[in-house]
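**Student:** can't give you the sequence, but here's the structure:
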């Protein structure tokens, strides 16, 4: 990697061209990734892509005038001081707020590059163009706001926010809730059956740990293999599988950990309290994200939990 101060004016211009080309392609990928779910925001990034394309053409024209036809290959990763960019544009689905934040960071980084380049160049023509680009990059955020107003009126923003919420529910909340419910409810029977059968905290803990891990693996694979998300909009299957599996294991581990206490009675009461907290959490999530009425959500979750708990107690006590 070269230090920035070691670059010649020819290399500085070549690097500027490379930066503008990269930014243009990133904005194009942002627009393409957002288009299915956020068409208005995609149009906004299309506008920003066109601006970067215009900057690149002006830089190429100046380079051709000053240094000829051959533009040396020098990229941001070849020069010290540039921040490594996460390949956000490769992710699907794109998170719109993360995209807008990354675009803002890109503009700030490019403007600072132009400021440093302009401060050390001795060529009047290059200095003039760089100063112009500094001002344009500084105004780019304002231009983005204008595009925002033009392409994203209030009703469109509301539609996109609703779409974002639906995607979050489909891709994260639903698989996570399914896992949490399965882990919290299905593991009650083996854990409390072992507890009442042995009256030994450690035995109950081992059973609960095994049941939680097994349920997490099973639910994770089941969710990941259920569909690929291409038609349902539920996102990448392995992301859903990880979310579902992790929440399943977490739901079972919650009321298993109290059995690490040596006193069996205290462990039993603590586990019961954790179960109540888990069921209350599931009820809140169903009310918050699934729009299920409080009473209906509480009855559905509570009834299932009570039935499984009683089953475990009866089997363990027999």
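**Tutor:** It's in. Here the structure is a predicted model, which means the values were calculated and not measured. Residues are numbered from 1 along each chain as shown.

**Student:** Poorly predicted segments of the stretch 151-300 of the chain, please.
**Tutor:** The model of the stretch 151-300 of the chain has pLDDT under 70 over residues 151-167, 170, 226-236, 290-291, 297, 300.

**Student:** Can you tell me how far the most centrally placed residue in the chain is from residue 239?
**Tutor:** Among the residues of the chain, residue 95 comes closest to the average C-alpha position under C-alpha atoms, centre = their mean, at 6.2 Å. To residue 239, residue 95 is 12 Å away according to C-beta to C-beta, to the nearest Å. Any C-beta I mention is one placed from the backbone N, CA and C, and that applies to glycine too.

**Student:** so what's the residue nearest to the centre of the chain up against?
**Tutor:** Contacts for residue 95 (C-beta atoms under 8 Å, 6 or more residues apart in numbering) come out as none.

**Student:** That one and residue 224: what is the separation?
**Tutor:** Distance, residue 95 to residue 224, by C-beta to C-beta: 21 Å.

**Student:** now do residue 306
**Tutor:** Distance from residue 306 to residue 224, by C-beta to C-beta: 31 Å.

**Student:** Same check on residue 246?
**Tutor:** For residue 246, the distance to residue 224 equals 12 Å [C-beta to C-beta].

**Student:** can you check residue 182 too?
**Tutor:** For residue 182 relative to residue 224 (C-beta to C-beta), the value is 15 Å.

**Student:** burial count for residue 49?
**Tutor:** Other residues lying near residue 49 total 19 when counted by other C-beta atoms under 10 Å.

**Student:** Which pLDDT value goes with the closest residue to it other than its chain neighbours?
**Tutor:** Nearest non-adjacent residue to residue 49, counting by C-beta to C-beta, 6 or more residues apart in numbering: residue 27, 3.9 Å away. You'll see residue 27 listed with a pLDDT of 90.

**Student:** quick one: residue 27 and residue 43 touch, right?
**Tutor:** No - contact criterion C-beta atoms under 8 Å: residue 27 and residue 43 do not qualify, at 11.6 Å.

**Student:** Mind checking which of those two has more residues around it?
**Tutor:** Neighbours per residue (other C-beta under 10 Å) separate residue 27 from residue 43, with residue 27 holding more: 24 against 17.

**Student:** The more buried one and residue 299: what is the separation?
**Tutor:** Taken as C-beta to C-beta, the span from residue 27 to residue 299 is 50 Å.

**Student:** Buried by neighbour count: which residues of stretch 173-186 qualify?
**Tutor:** By 16 or more other C-beta atoms under 10 Å, the buried positions in stretch 173-186 come out as 173-186.

**Student:** Mind putting those residues into CSV with distance to residue 118?
**Tutor:** Formatted as CSV, the buried residues of stretch 173-186 follow (distance: C-beta to C-beta, whole Å):
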residue, distance to residue 118
173, 49
174, 52
175, 51
176, 50
177, 54
178, 56
179, 55
180, 55
181, 60
182, 60
183, 59
184, 61
185, 64
186, 65
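
**Student:** Can you flag which of those belong to helices?
**Tutor:** 174-186 (DSSP state H).

**Student:** which one of the residues you listed sits closest to residue 261?
**Tutor:** Lowest distance from residue 261 to these (C-beta to C-beta) belongs to residue 184, with 19.7 Å.

**Student:** Just give me how far stretch 119-133 sits from the chain centre.
**Tutor:** 39 Å (C-alpha atoms, centre = their mean, to the nearest Å).

**Student:** Show me which residues of it are buried.
**Tutor:** Within stretch 119-133, judged by 16+ other C-beta under 10 Å, the buried ones are 121, 126, 127, 129, 130, 133.
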